[in-house]
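1. build me a model from this:
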Amino acid sequence: MKKTYFLLLPLFFAFGCLGEDCDGVSCLGQPIIAIELIQNNTNVLEEAIFILDEIALEGENTETFELTIAAIEFLDDANQVSTKTVLFISNSDWEPIQYDLNLELASDFSVPITTDIGLSQGDCCGGIPLLESLAIDGEAIPENELYNVHLVELN
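-> Predicted coordinates for the structure are as follows:
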């Protein structure tokens, strides 16, 4: 009888801990779309050609979207730290649907943005909105570049 308990004890520990221990797990945050706006080789945000008050996001369910302009640092092709000013599009309440949006720059430009949002899977980080696909101005963004800064040429 003692041998049976001895054999069952390791099985209890092995199967008793099947649920993931989520302590120390870092989950992804909400998706943020970053766009650099260029016209005639000039970043229109850095040069204040367009300011935040002149930029709007149009489409259905845009009340929870937030637009911000910020300078970010990155490593350029020469491995030097550079700065660029980009527009961030975020949403505090992403739903797992397709969003068809238009980025309006004053009355001068309209940039169509289509994005599909899904939900992450898993015990610890399940249910977090994920950017599954993105098209800006009709151009599909490759999956491995979804969370990069996207260059938009204004014509």
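
2. quick one, helices of this structure?
-> 2-16 (DSSP state H).

3. okay, which residue is most central for it?
-> Among the residues of the chain, the one closest to the centroid is P31, at 2.6 Å (C-alpha atoms, centre = their mean).

4. skip the chain neighbours and tell me the closest residue to F109.
-> Spatially, and ignoring its direct neighbours in sequence, F109 is nearest to L154 (5.1 Å; C-beta to C-beta, 6 or more residues apart in numbering). From N, CA and C alone the C-beta is placed, and that goes for glycine too.

5. I figured the one you found hits Q39, correct?
-> Yes. Shown here, L154 and Q39 form a contact pair, counting by C-beta atoms under 8 Å, at 4.1 Å.

6. quick check: pLDDT value at F50.
-> The score at F50 is 95. That number is its pLDDT.

7. the one 5 residues further on too?
-> Predicted confidence (pLDDT) at I55: the value is 97.

8. going along the chain, name the strands of the chain.
-> Along the chain, counting by DSSP state E, strands occupy 32-39, 42-43, 55-59, 65-75, 81-91, 98-105, 109-119, 129-136, 139-140, 149-153.

9. turn those into a markdown table, including distance to S26 and mean neighbour count.
-> Formatted as a markdown table, these follow (distance: least, C-beta to C-beta, whole Å; neighbours: other C-beta atoms under 10 Å):
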| stretch | distance to S26 | mean neighbour count |
| --- | --- | --- |
| strand 32-39 | 16 | 19 |
| strand 42-43 | 32 | 14 |
| strand 55-59 | 29 | 16 |
| strand 65-75 | 21 | 12 |
| strand 81-91 | 19 | 16 |
| strand 98-105 | 26 | 17 |
| strand 109-119 | 18 | 17 |
| strand 129-136 | 15 | 18 |
| strand 139-140 | 29 | 10 |
| strand 149-153 | 22 | 16 |
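
10. would you mind giving the ones you listed as a markdown table with distance to V25 added?
-> Below are the strands of the chain laid out as a markdown table (distance: least, C-beta to C-beta, whole Å):
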| stretch | distance to V25 |
| --- | --- |
| strand 32-39 | 21 |
| strand 42-43 | 37 |
| strand 55-59 | 32 |
| strand 65-75 | 27 |
| strand 81-91 | 23 |
| strand 98-105 | 28 |
| strand 109-119 | 17 |
| strand 129-136 | 16 |
| strand 139-140 | 32 |
| strand 149-153 | 27 |
